[in-house]
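**Q** model the structure of this input:
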Amino acid sequence: MRACVSPDSLEQWEERFAAWCSGQAADTAHDVEHLRRVATSARSLATMEGAEMEVVVPAAWLHDCVWVPKDSPDRGRASSMSAERAVRMLADWGYPPSPLDAIAHAIEAHSFTAGIPVRTIEAAVVQDADRLDAIGAVGLARCLSLGGALGRALYDPGDPFCRERAPDDARFTVDHFYSKLLTLEATMKTSAGRAEAARRTAFLREFLDRLRGELTGAQYSQDETA
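**A** Got it, this is the predicted structure:
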């Protein structure tokens, strides 16, 4: 595909995307800084995977342009709603028309909840970039912040690590690790995304190990034998 948006022009478009996104309502895990991080990761992955920047960049910035709360029954439709709105806005703003279908697909397919198969490398890049932001240090911070904002308990005192029950992340924040976050590594579509996801998932597992030790007092016996 021949690029129809130059790098200099794309940089100007990014400024417009960032300015628009800064004024939109979102929860603490889906604010403009989340979008900025996803766009940064997406650009890096696109460079390594040979994806079209004119598709990846607007899709990364606008993938959550329709914000639906995590606990809303419409959550599964959020990515499709965002794809439709993004295409309308881009057309109104005068973005070149030829990448719009690919942008719509990349936005629509990024969602974990929707489960839409990716058909292009650009959609794979945007999906991986968004999922990388859900794991690692930033992902941990987002998970705990959102759980607190939604009024969820940190963990189930009777079974904090879902050993004998199914995860219920509508009630317990730590359960979200088991219902989603620890599964994301296996869903990555690009080689660069898989490598980074492995590093970030290892960090999450280390956090859970440390949390387990602090809840059980195991770290004290370890310190005594050190």
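**Q** gap between the spatially closest residue to residue 62 that is not a sequence neighbour and residue 209?
**A** Nearest residue to residue 62 in three dimensions, chain neighbours excluded: residue 86, at 4.0 Å (Cβ to Cβ, 6 or more residues apart in numbering). Just so you know, the C-beta spots here come from the backbone N, C-alpha and C atoms, and that holds for glycine as well. Using Cβ to Cβ, to the nearest Å, one gets 40 Å for the distance from residue 86 to residue 209.
**Q** ok, those two, which is more surrounded?
**A** A side-by-side neighbour count of residue 86 and residue 209, using other Cβ atoms under 10 Å, places residue 86 first with 26 against 13.
**Q** which strands and helices sit next to the strand or helix carrying that one?
**A** According to DSSP states H and E, residue 86 maps onto helix 78-93. Here helix 78-93 touches helix 53-62, helix 100-109, going by 3 or more Cβ pairs under 8 Å, 6 or more residues apart in numbering; DSSP states H and E.
**Q** among the ones you listed, which is the most enclosed?
**A** helix 53-62 (a mean of 27; mean count of other Cβ atoms under 10 Å).
**Q** doesn't residue 207 fall inside a strand?
**A** No. Looking at residue 207 with DSSP: H, G, I helix; E, B strand; the rest coil, it is helix, so not inside a strand.
**Q** which residue lies closest in space to residue 188, excluding its sequence neighbours?
**A** Counting by Cβ to Cβ, 6+ apart, residue 194 is the residue found nearest to residue 188 once chain neighbours are left out, at 4.4 Å.
**Q** dihedrals phi and psi, that neighbour?
**A** phi -60, psi -40 (degrees, to the nearest 10).
**Q** residue boundaries of the helices in the chain?
**A** 7-22, 32-49, 53-62, 78-93, 100-109, 121-132, 136-149, 175-179, 191-216, 218-225 (DSSP state H).
**Q** same for the third one, what does it pack against?
**A** Just to be clear, that refers to helix 53-62. Packed on helix 53-62, when contacts are counted by 3+ Cβ pairs under 8 Å, 6+ apart, are helix 7-22, helix 32-49, helix 78-93, helix 100-109, helix 121-132.
**Q** next: the fifth one.
**A** The contact analysis (3+ Cβ pairs under 8 Å, 6+ apart) places helix 100-109 against helix 53-62, helix 78-93, helix 121-132.
**Q** can I get the first one in PDB? Just the C-alpha atoms.
**A** Listed next in PDB are the C-alpha coordinates belonging to helix 53-62 (Å, rounded to 0.1, in the frame of the first residue of the first chain):
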ATOM      1  CA  MET A  53       1.500   4.000  10.300                       C
ATOM      2  CA  GLU A  54      -1.400   5.900   8.700                       C
ATOM      3  CA  VAL A  55      -3.600   3.100   9.900                       C
ATOM      4  CA  VAL A  56      -2.000   2.200  13.200                       C
ATOM      5  CA  VAL A  57      -1.600   5.800  14.600                       C
ATOM      6  CA  PRO A  58      -5.200   7.000  14.300                       C
ATOM      7  CA  ALA A  59      -6.500   3.600  15.400                       C
ATOM      8  CA  ALA A  60      -4.300   3.600  18.500                       C
ATOM      9  CA  TRP A  61      -5.400   7.100  19.500                       C
ATOM     10  CA  LEU A  62      -9.100   6.600  18.800                       C
END
